[in-house]
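> Here's a sequence, model it:
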Amino acid sequence: MQRRLTVVEGMALAYDIAKEWEQIKNFQARDGDILIDTYPKSGTTWMQEIVDLIMHDADEQACRRGPVYERIPFIELFHLMKPGIEEVNRMPSPRILKSHLPVQLVPQSFWEHNCKVIYVARNARDTVTSFYHFDHILLFHPHPDPWEKYLERFMKGDVGWGSWYDHVKGFWEAQGKHNILYVFFEDVKKAPLQEIRKVAKFLGKNLSEETIEKIGRLSSFEYMKKNPMANYSDFPKEILDQSEAGFMRKGKVGDWKTLFTVQQNELFEEDYQRQMAGSSLKFPVGK
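The predicted model follows:
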């Protein structure tokens, strides 16, 4: 693994991903494919588990058929781990896939096939806090600078998968053009059953209230943290070093208060207002 970033079509991306950019860009989606897309550390794994449970009518055993990263392959990592592109191409439809790519870099085939895309957005402060901790264990990103410097890099978009601001605004503005369901991490945290119903409806699944409640229980943070098929505990060690810290950390709203100083919060707020000016996107809790 090379712990460095490079620029791909205007976005900072890990070198180990960027070197296979043509394969990623030209991935062929199919009719019926479902894409879960997020900026990193925004509730991706949580939504993956929710969607898999919805598609399997809350059949817990079916959703333990393999780890979540095999059940729902990660488009940018096909060349780095299993399942590879050949295995993904052999998967039966409808496939559920995952990406962190911004809307303008999502493989064109998803839009051509009018695939359903579920986008999860999380407030910027909690996202950068979680990403900072995560970048300590992700082996194809540069080792994080001290927090103050890392925060500056995040504000400039000089972290893996680029600018949070461009990412969340890009998908927000694309809702009218594409088949996108835009979900907020904070809403799923506050009213999980309501959001599960919303996702199920978007996916064309008519589930009983009992099934919805079961999905809520099986996809709770506490349950997933103990579930080896959901908690990334056996994710390839050459990509994710979990010897000192696990993949699933807190899953909270407001954890940013453990890292931000008052001064950093004020500077961040000023920059946030500048970068979000002109957008109708508003987060349910904080920013």
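> Off-centre distance for the helix or strand containing residue 210?
Following DSSP states H and E, one finds residue 210 within helix 209-218. Relative to its chain's centre, helix 209-218 lies at 22 Å (C-alpha atoms, centre = their mean, to the nearest Å).
> For the next helix or strand after it, name the packing helices and strands.
Sequence order places helix 221-226 as the next helix or strand after helix 209-218, per DSSP H and E. Applying 3 or more C-beta pairs under 8 Å, 6 or more residues apart in numbering; DSSP states H and E, we find helix 221-226 packed against helix 44-55. Every C-beta, even on glycine, is put in place using the N, C-alpha and C of the backbone.
> what's the distance between the lengthiest helix in the chain and the middle of its chain?
Secondary structure of the chain per DSSP state H: the longest helix is helix 262-276. Distance of helix 262-276 from the chain centroid (C-alpha atoms, centre = their mean) equals 24 Å.
> Let me know whether my guess that residue 97 is in a strand holds.
Yes - counting by DSSP: H, G, I helix; E, B strand; the rest coil, one finds residue 97 located in a strand.
> Now do the phi/psi pair for the nearest residue to it once chain neighbours are set aside.
In space, and not counting its chain neighbours, residue 97 is closest to residue 35: 5.3 Å by C-beta to C-beta, 6 or more residues apart in numbering. Per-residue torsions, residue 35: phi -110, psi 130 (degrees, to the nearest 10).
> Residue 35 reaches residue 120, doesn't it?
No - using C-beta atoms under 8 Å, residue 35 is not in contact with residue 120; the gap is 11.6 Å.
> These two: which is more packed in?
residue 120 (26 against 23; other C-beta atoms under 10 Å).
> Which pLDDT value belongs to that one?
Per-residue confidence (pLDDT) for residue 120: 98.
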